[in-house]
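Novice: Predicted model and sequence follow; I will ask about them next.
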Amino acid sequence: MSSTLSRVDGAAAGRSGGWRGVLGDYYELSKPRIIVLLLITTAAAMVMAARGVPNLALVFWTLLGGALASASAGALNCIYDRDIDALMKRTRNRPLPQGRISVSAATAFAVALGVLSFASLYFLVNPLAAWLSLAGNAYYVVIYTMWLKRITPLNIVIGGAAGAVPPLVGWAAVTHAIGGPALGLFAVIFLWTPPHFWSLALMTEIDYDKAHIPMLPNVSGVERTKREIIYYSILLVLASLALYPLHIMGPFYFAAAAVLGGIFLLDAVRTWRDKGKTWARHLFKYSLIYLALMCAIMVIDRIIA
């Protein structure tokens, strides 16, 4: 989180020389900060499905396959977006815009990770988990990166489905099926994505404009973006609370989700009223904490129910 905000501020991370620097570049190419968030949601779905700690070998292979899949998708995203990454302060120091990794080497890296991911999930977890993971990656690379990102300010709204797939993978890994709690977490992540990324976009709108990416702030303005953040935050909280009357989650979850959602809404309103970027930055940071805590309370609710 602090690293993302540091890049927003234009700070370049230090880079080691030699083989450490090469490893660091490939590590950066895989977008590791996104991987951590996706694995948290995957693990949460696995614990919910098992109503406790699942088989540890199954957890290991599922998280490894998920990490490899996310790293592959992240690298393919970096390859396709290397031209616009070079134009933005937040991304210009990535390995491809800086020429530290060639396109052919990055492509081989991404393909190898993708093959390893599918094979490990298919043979060591189950075929449904493997196909769901592959579908999520294809959606992220083809639908979001190659199609929506450069043509519509709804890129984040529609493309957010890709980031919501990991809970389905985690649930399928344990049950060989898709269940209600996993779909509930899918809905929460899908509706969480717009306010999360638009709060980041409010801090980087000039960057996106330079790269001709139609993010909402540089297409429709800051005021419209702040209103949309409130609308989507309301939808997020309502959808999260609906899991209780739908009998997907219990009373503990409902009470905790109401508190966390209330804070989210309050931060969204403060962002709307703020003439600067202070509360947008605060909302971005809290949105990450919110998602992690929502996963935690879902897990606790399933275990104690």
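Specialist: Sure thing, it's come through.

Novice: Point to the residue nearest the middle of this protein.
Specialist: Gly163 (4.7 Å; Cα atoms, centre = their mean).

Novice: Which residues are in contact with that one?
Specialist: By Cβ atoms under 8 Å, 6 or more residues apart in numbering, the residues touching Gly163 are Ile34, Leu37, Leu38, Tyr140, Ile189, Phe190, Thr193. Yep, even glycine has a C-beta here, placed from its N, CA and C like the rest.

Novice: Quick one, grab the pLDDT at Val8.
Specialist: For Val8, the pLDDT comes out at 57.

Novice: Longest helix in the protein, please.
Specialist: In terms of residue count, the longest helix belonging to the chain (DSSP state H) is helix 180-210.

Novice: Provide the count of other residues in contact range of Phe123.
Specialist: Residues near Phe123, counting by other Cβ atoms under 10 Å, number 12.

Novice: what residues does the helix or strand that contains it touch?
Specialist: Mapping Phe123 onto the secondary structure by DSSP states H and E places it in helix 103-124. Helix 103-124 has contacts (Cβ under 8 Å, 6+ apart) with 26, 29-30, 61-62, 64-66, 68-69, 71-73, 75-76, 78-79, 82, 95-96, 101, 129-130, 133-134, 137, 169, 173.

Novice: shaky segments in the stretch 201-305 of the chain?
Specialist: Scanning the stretch 201-305 of the chain with the threshold set as pLDDT under 70 gives 205.

Novice: ok, now with 80
Specialist: 204-207, 305 (pLDDT under 80).

Novice: For it, which segments count as helices?
Specialist: Ranges of helices in the stretch 201-305 of the chain, per DSSP state H, counting those that start in this stretch, are 216-220, 222-242, 251-273, 278-304.

Novice: Select, out of those helices, the one closest to Gly21.
Specialist: helix 278-304 (28.2 Å; Cβ to Cβ).

Novice: Next, the buried residues of the closest one.
Specialist: Neighbour-count burial for helix 278-304, counted by 16 or more other Cβ atoms under 10 Å, picks out 279-281, 283-288, 290-291, 293-295, 297-302.

Novice: so who does Ala305 touch?
Specialist: Gly250, Phe252.

Novice: oh, and call the first residue 24 from now on, that's how I've got it
Specialist: New numbering, starting at 24: the last item is Ala328.

Novice: Next, find the distance separating it from Ser125.
Specialist: 52 Å (Cβ to Cβ, to the nearest Å).

Novice: With Met69 instead?
Specialist: 37 Å.

Novice: For the two, work out which one has more neighbours and name it.
Specialist: Met69 (26 against 11).

Novice: average model confidence for the helix or strand harbouring that one?
Specialist: Taking DSSP H and E as the definition, Met69 sits inside helix 55-73. On average, the pLDDT along helix 55-73 is 92.

Novice: Tell me the helices and strands packed up against that helix.
Specialist: If contacts are counted by 3 or more Cβ pairs under 8 Å, 6 or more residues apart in numbering; DSSP states H and E, helix 55-73 sits against helix 79-103, helix 178-186, helix 189-198, helix 203-233, helix 301-327.

Novice: Nearest approach to Ala281 belongs to which of these?
Specialist: Between the helices and strands packed on helix 55-73, helix 301-327 lies closest to Ala281; by Cβ to Cβ that is 10.6 Å.

Novice: got the angle for the closest one vs helix 55-73?
Specialist: 30 degrees (axes from the mean of the first three to the mean of the last three Cα atoms, to 10 degrees).

Novice: and the spatially closest residue to Tyr255 that is not a sequence neighbour, what pLDDT?
Specialist: In this structure, Tyr255 finds its nearest non-sequential neighbour in Pro217, 4.4 Å apart by Cβ to Cβ, 6 or more residues apart in numbering. pLDDT for Pro217: 95.

Novice: Hmm, Pro217 is touching Arg250, no?
Specialist: No. Here Pro217 does not reach Arg250: they are 11.9 Å apart, not a contact under Cβ atoms under 8 Å.

Novice: Between the two, which is the more surrounded one?
Specialist: Set Pro217 next to Arg250 and count neighbours by other Cβ under 10 Å: Pro217 wins out with 23 against 14.
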